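Q: Give me a model of this one.
(chains A and B)
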Amino acid sequence: MALALSSALRQKFDELKRRYPSPRSPLVPMLLFAQDELGYVSEELVEFLANELGLRRVEVEETASYYSMLRRKPCGRYHVQICTNIACMLRGGTDLLEHAEKRFNVPPREPTPDGLFSYEEVECIGACTGAPAVQVNYNYHEGLTVESFDRLLSDLAAGNEPKPVPYTTGVYPDQPHPAEVRVLSRRFTPTPTPALESYRQRDGYKAFIRALKEMTPDQVIEEVKASHLRGRGGAGFSAGMKWGFVPKDSPKPKYVIANADESEPGTCKDRPLMEFDPHQLIEGILIAAYAVDAHRGYIYVRGEYRYVLEILDRAIEEASAAGLLGADILGSGFNFDLCTHTGAGAYECGEESALMESLEGKRGYPRIRPPFPAVVGLYGCPTVINNVETLSAVPSIILNGGEWYAQLGTPRNGGTRLFCISGHVNRPGVYELPMGFSLRRMIEEVAGGVWKGKKLKAVIPGGSSTPVLTAAEADVAMDFDSLAKAGSMLGSGGVVVMDEDTCMVNVARRIMHFYAHESCGWCIPCREGTAWLRKLLDRFHAGGGRDVDIPLLAQLSRNMLGKTFCPFGDAAAMPTISIVEKFRDEFEEHLRTGACPFARSEVAVAED
Amino acid sequence: MTPNSTISLSVDGKQIAVPAGTLLIEACKSVGIEVPSFCYYPGLSLQAACRMCLVEIEKAPKLQTACTVVVQPGMVARTNTPQVHAARKAMLEFLLTNHPLDCPVCDKGGECELQDMTFRYGAAESRFVEIKEHQPEQRFSPVVYFDYPRCILCFRCVRVCDEAMDVKALGVGQRGVHSVIIPNQPDGTLACEECGMCIDICPVGALLPQAYRYKTRPWEVKYVATPCTHCGDGCKTTLSVRQHEIIRGNNRDKSGINGDFLCVKGRYAFDFVSHPARLRQPLLRQNGQLQPTTWEEALRTVATRLKEIVERVGGDAVGFIGSNHTTNEENYLFQRLARVAIGTNNIDHHRTADYAGFAAALKGETARLARTRDLLQASAILLIGNDPTHNHPLLAYHIRDAVRHRGARLYIINHRWIKLERQARQVIRVPEGGEAAVAEVFRGQSRSLTPDTLSALRVLQETLRKERDLIVLFGAELTGRAIARLMNWGNQLPGVTRYIALGDYANSRGAADMGLFPDRLPGYARVEDDGARRRFKELYHHPLPPRGGANVRQMIQAIVSGRMLALYVVGANPVKTFALPSPAKTLGGLELLVVQDLFLTETAELADVVLPAACTYEKEGTVTNTCGELQQLKRAVDPPAGVRSDFEIFRLLLHLLGHPVSFRTPESVLEEIRQHVSGYDVSFASLLAGQAVPTSLPAATGAVEPESGLIFSSDDSLFTSGTLGRYSEVLNSVHERNLPRDRL
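A: Have a look, this model is predicted:
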């Protein structure tokens, strides 16, 4: 077979194959790591991996073609990935894309004639507080202007590789806002020191040792229940209850998965949690594993977060060397192995059952539920799956008590949250604030108010899947129940602020582009509905709207709502419904004038 | 909840009771309530992807998919509410957004599930004004075409190919609205079994058979469900016939024992019927050349010269080789022609299984005969020899089904790798020819097998003792004594043990049952059996020769040695099948060679008289599959002008030879068979109703070990079908026929 792979890559393959009980599982990481070396997923690679993993060729093809980071054709040496999703769009991401189109003058994903560059528009890369952001290969460059972006490209062309951002822009480790209550972020230091030693100096692994030595698994679960820790991925389900659903008498092995597939537009909180304090996550995973008697765990990290993956791998290595992972941990007889697993570009894989499919080397299709993962999860075995932030909160809960944690927040909404405030604010950033913190204060005080002295028009409270709030609705406590009462959701904590000059039709349009791009295609209403709405909104925003389109937008969204296979359809429908309802006048104005009445910043994004 | 308990629930106000574990969609169907669906397909994994089956269930916060909800006691479901109707309408509207709505030219129009659903549940108007996703039609293979825009991504094709066929030649590529069905080859084509299951299962016109594309409208064709003419499994293929032309074979009416299944041959290999090389008039050798002639001339020549030879040297100077494809009625008349009109037992055929040995070993215990669909219920299956994936595609399909759905345990003993091993619990490899030795081991003796194999076989024996319901299938590797030994052992197992002897072709079993043997009469009685001969004498008003005749090999020797002067070959190609060395020389010694066939085969080329015969799809009669199930043929098309059925030819010849029969139709022959051939006293009504009616196998006495070289399988692949298969352009067109079996 005409496929030359470096010995390092072959070694990596061998190591990956040892991570899983199922031969197919390493497929996605193998594809991505091989692409890093070969530049793309060649036919030879597909056949090689099919052979290597005992799969049929078409099975590799199915998986490879699902993930948007995997390419079947070569790209440039520097692949410039420009985020134009909502947070970046609001701060000029679209201008960067236009600039790239002009400068490179080649179609997206195709290399320039010198082979040096290629570019493409990408969905949220988790740099919302550093918007607008691009990734050059795996390196993040944030807070760009057209000028600095152009300089970056010129530097690259000249052979100088500018240093990427060292960590998520908008994390202010040295100057926390006075309103912040730093629990999960309390170890964030100006220069990230994710090492085990510094972690242990500041209570590191004490919680796990306490659980292991002083508590029964049931006591751990009770403590987490008492903390009112609710899922930080967006759904807000009680973490303690989730753990409690894991059958104790199952003869099957059990698994713990940390969901680090952070990709909800507007959200970039798991990224700093892992880059600043990976051991906190590992400790949380260990405690969860102890609580449900799991002996193997995975951290599923979105493919774009490559350097985070490397930080985690190092941390796991350190913890293993210190006897905190592996066999007979600290002489307790408890065994637990932990590995990272990289995704390769698919928002849907943040949905827990789709994530497990992906971890099993398949297309990221969600599974029929029930059964739920706690009973039938990874490899058909009982599985606890929690968001990074959720698991990162666990050590503090065990150390200080569930009661203590619960009281940091509001009733039934325990603790603090890492809010990512992006968009049109003066000080975008990731802030750890108590649950129930006022959204208004968050924007006005913590994030320094709406930029350029402008007025607030709208705010997305919890990532792009949550119904938008108007300026008048911004006096709301940021916890699950209060937002539900206000007709929206706390979601993932991604707060996207929009000023008075923002075209809400364009916002709806860009949001729908995201969902249409990320729809897995499994069920009809989501697959067809998102694509239809995307086309409709493109046309409408470009001035081609019809009277019937406004009610149609709402009707089509409602036809998806509650009828799709997984919550994705709702996630696409809810913001659209809210924008059409709350900003109907803007839609009508588009109709009246036959064009977008807002500033030039609204340029239609290229069709994907 | 015990698995046998019954659940009561309410659907649309109706109280219904169904077995526990039933899916709501099936529960509704059982009382005649239609819940529409695209992705749900019985027997395939659940998808809940099309969302067409959303129904209201009391206490559920939102609509639920009836295809995934298992009925619960006291459940209250509603399928007929405004909310449900609105959801169906919405789903159809979504589905139609990217559907091309090219129904006026789509082959599926008129039998399209999307069309039907839209008619019943859809909106009258379209609100979609955007540009549709489009890709040009793709040719997946010479027989499978894929029209991307029509595909609704129900994934039935992907699942049937993977789960039911264990091929997985189709997958899903890309994602979201760009999701697309992809074939398994990098160049966008298929390498598969070409069974076409994907086509049949497609609810829309996305996957279509090449032969049918843009040919007709489904309401313009006549549908004729008739047993397939190729292998011995007895699938029914429903032929779409338009203006005397067969343009499609499928099984959407599920009329046969094959249910959903058809292989490449059943589905497409009807095309030999209209092959240009088809014989369309009798030929007579004149001046060394075969020349067209009239039927009168041809038949008179045959009759006159046969009579002359019989009068000159006696009937034993004539040999008869029959067919694995002709009907029971024709075979029955053929042996009468030999035994009565010519007065010889020199009659045989290519025996592809030792059915006589099987009958002898069975000793009349007909309860030990397994029927095709019994495979679906067996707890264990032991397969010795053969390669059912290729030789018996339907049985292989049922075996996979039993393993997949019921956890049946499959054990395989074979000298070579076969695909079914992927489903097997245990595989025992024996040396080539070692399958027959297995029976000896089972009886405690051992001969040629290695110690490892022997110990594996002993373990298997112990394992099988624990099975409650075992079906043993064996190929032509086992004959005579080996079959008897195998059954002696199997019959002593504590559980129920039943058997299937595997023979190659559509009527291989019938040829044996109808006595195309030199030593056995119809119903397996030995020719030396005075009583049996007397019964037929009374029936035929003529005595039958009392001594056994020559088998095929002996006939060939007799021809070479000049003792046999005439040979009458029907639907067989012994030159090829028995690999005659220098056939022109061997058969050239005959005074008369008559060949009755569809094509000018290697044997026919040497004939003195060639009689063009009708094929299975052009006539009436019955055939018996390898499991002994009798089915009636339905004439789909008329034979070409100048072609006659074997039945007609035999009737005419019997008349010309001075032994006229009174039968006007094959059905009247069947009546005689039912009354006088042991094992065939079946229900005529069931047969007429289109069922596969089990025959039984009489206790054959006096079994002897058949000479070697008489019983062998042609080991046809999925893409060959003896001589007949060579005249199917479809079978010749698929590249997979050249792939080794382990690459499929």
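
Q: Please make it C-alpha for all contacts and neighbour counts, starting now.
A: OK.

Q: What is the neighbour count of the residue of chain A found nearest chain B?
A: Nearest to chain B, among the residues of chain A, is A:G521, at 3.6 Å (CA to the nearest CA). A:G521: 25 surrounding residues under other CA atoms under 10 Å in any protein chain shown.

Q: just B:D452 next, same as before
A: Neighbour tally, B:D452, other CA under 10 Å: 11.

Q: Which helix or which strand is home to it?
A: helix B:451-465 (DSSP states H and E).

Q: what residue ranges in chain A score low on pLDDT?
A: Within chain A, the stretches with pLDDT under 70 are A:1-2, A:599-608.

Q: Can you tell me the element the most centrally placed residue in it falls in?
A: Centroid-nearest residue in chain A, with CA atoms, centre = their mean: A:E262, separated by 1.4 Å. Secondary structure assignment for A:E262, by DSSP H and E: no helix or strand.

Q: Quick check: A:D155 is in a strand.
A: No. According to DSSP: H, G, I helix; E, B strand; the rest coil, A:D155 belongs to no strand; its state is helix.

Q: so where do the helices sit in the stretch 251-400 of chain A?
A: A:270-276, A:278-292, A:306-321, A:352-359, A:388-400 (DSSP state H, counting those that start in this stretch).

Q: which residues sit against the first one?
A: Think helix A:270-276. Under the contact criterion CA atoms under 8 Å, 6 or more residues apart in numbering or on different chains, helix A:270-276 has outside partners A:126, A:167-168, A:171, A:184-185, A:187-189, A:192-194, A:260, A:262, A:281, A:305, A:308, A:311-312, A:388-389, A:392.

Q: filter the residues you listed by proximity to chain B?
A: For chain B, no contacts are drawn from the contacts of helix A:270-276 by CA under 8 Å from any CA of the partner chain.

Q: hang on, the earlier thing: could the helices of the stretch 251-400 of chain A go into a markdown table alongside mean neighbour count?
A: Shown next, in a markdown table, are these (neighbours: other CA atoms under 10 Å in any protein chain shown):
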| stretch | mean neighbour count |
| --- | --- |
| helix A:270-276 | 25 |
| helix A:278-292 | 27 |
| helix A:306-321 | 18 |
| helix A:352-359 | 26 |
| helix A:388-400 | 25 |
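
Q: Pick out the residue of chain B closest to chain A.
A: Chain A sits closest to B:G176 of chain B, with a gap of 3.6 Å, by CA to the nearest CA.

Q: Can you name the residues that contact the spatially closest residue to that residue that is not a sequence neighbour?
A: What sits nearest to B:G176 in space, not counting adjacent residues and going by CA to CA, 6 or more residues apart in numbering or on different chains, is A:G521, at 3.6 Å. A:G521 sits next to A:R527, B:R175, B:G176, B:V177, B:H178, B:S179 when contact means CA under 8 Å, 6+ apart.

Q: at 6 Å instead, please
A: A:G521 makes contact with A:R527, B:R175, B:G176, B:V177, according to CA atoms under 6 Å, 6 or more residues apart in numbering or on different chains.

Q: Report the helix or strand with the lowest average pLDDT across chain B.
A: One helix or strand of chain B scores below all others by mean pLDDT, DSSP states H and E: helix B:435-442, with a mean of 87.

Q: For the closest residue to A:K248 other than its chain neighbours, give its distance to A:P29.
A: Of all residues not flanking A:K248 in the chain, A:V292 sits nearest, at 7.4 Å (CA to CA, 6+ apart). Separation of A:V292 from A:P29 (CA to CA, to the nearest Å): 27 Å.

Q: again with B:D401
A: 34 Å.

Q: swap in A:F419?
A: From A:F419 to A:P29 the distance is 30 Å (CA to CA).

Q: CA-only coordinates of the longest helix seen in chain B in PDB, if you can.
A: For chain B, the longest helix by residue count, based on DSSP state H, is helix B:295-313. Provided in PDB are the C-alpha atoms of helix B:295-313 (Å, rounded to 0.1, in the frame of the first residue of the first chain):
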ATOM      1  CA  TRP B 295     -41.800 -29.100 -35.800                       C
ATOM      2  CA  GLU B 296     -43.500 -31.900 -37.800                       C
ATOM      3  CA  GLU B 297     -40.300 -32.800 -39.500                       C
ATOM      4  CA  ALA B 298     -38.200 -32.600 -36.400                       C
ATOM      5  CA  LEU B 299     -40.500 -34.600 -34.200                       C
ATOM      6  CA  ARG B 300     -41.200 -37.200 -37.000                       C
ATOM      7  CA  THR B 301     -37.400 -37.600 -37.400                       C
ATOM      8  CA  VAL B 302     -36.900 -38.200 -33.700                       C
ATOM      9  CA  ALA B 303     -39.800 -40.600 -33.400                       C
ATOM     10  CA  THR B 304     -38.900 -42.500 -36.600                       C
ATOM     11  CA  ARG B 305     -35.300 -42.900 -35.800                       C
ATOM     12  CA  LEU B 306     -35.900 -43.900 -32.200                       C
ATOM     13  CA  LYS B 307     -38.400 -46.500 -33.200                       C
ATOM     14  CA  GLU B 308     -36.000 -47.800 -35.800                       C
ATOM     15  CA  ILE B 309     -33.200 -48.200 -33.200                       C
ATOM     16  CA  VAL B 310     -35.500 -49.800 -30.600                       C
ATOM     17  CA  GLU B 311     -36.700 -52.200 -33.200                       C
ATOM     18  CA  ARG B 312     -33.300 -52.900 -34.500                       C
ATOM     19  CA  VAL B 313     -31.300 -53.300 -31.200                       C
END
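
Q: what angle sits between the next helix or strand after that helix and helix B:295-313?
A: Remark: after helix B:295-313, the chain's next helix or strand is strand B:318-322, criterion DSSP H and E. Here strand B:318-322 runs at an angle of 130 degrees relative to helix B:295-313 (axes from the mean of the first three to the mean of the last three CA atoms, to 10 degrees).

Q: Heading C-terminal from strand B:318-322, find the next helix or strand.
A: Next in sequence after strand B:318-322, counting helices and strands by DSSP H and E, comes helix B:328-336.

Q: Next, the angle strand B:318-322 makes with that following helix.
A: 170 degrees.

Q: before we move on, back to that, and the least confident helix or strand of chain B, how far from the chain's centre?
A: 28 Å (CA atoms, centre = their mean, to the nearest Å).

Q: So which elements touch it?
A: Under the contact definition 3 or more CA pairs under 6 Å, 6 or more residues apart in numbering or on different chains; DSSP states H and E, helix B:435-442 sits against helix B:480-491.

Q: average pLDDT across the following helix or strand past the helix it packs on?
A: Remark: after helix B:480-491, the chain's next helix or strand is strand B:496-501, criterion DSSP H and E. In this model, strand B:496-501 has a mean pLDDT of 98.

Q: helices or strands up against strand B:496-501?
A: Using 3+ CA pairs under 6 Å, 6+ apart as the test, strand B:496-501 ends up in contact with strand B:469-474.

Q: Just want the angle from the strand it packs on to helix B:451-465.
A: 140 degrees.

Q: Dump strand B:469-474 to CSV, restricted to CA.
A: Extracted C-alpha coordinates of strand B:469-474, given in CSV (Å, rounded to 0.1, in the frame of the first residue of the first chain):
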residue,chain,number,x,y,z
ASP,B,469,-34.2,-27.7,17.9
LEU,B,470,-31.5,-28.4,15.5
ILE,B,471,-31.6,-28.1,11.7
VAL,B,472,-28.8,-29.9,9.8
LEU,B,473,-28.1,-28.7,6.3
PHE,B,474,-25.7,-30.7,4.2
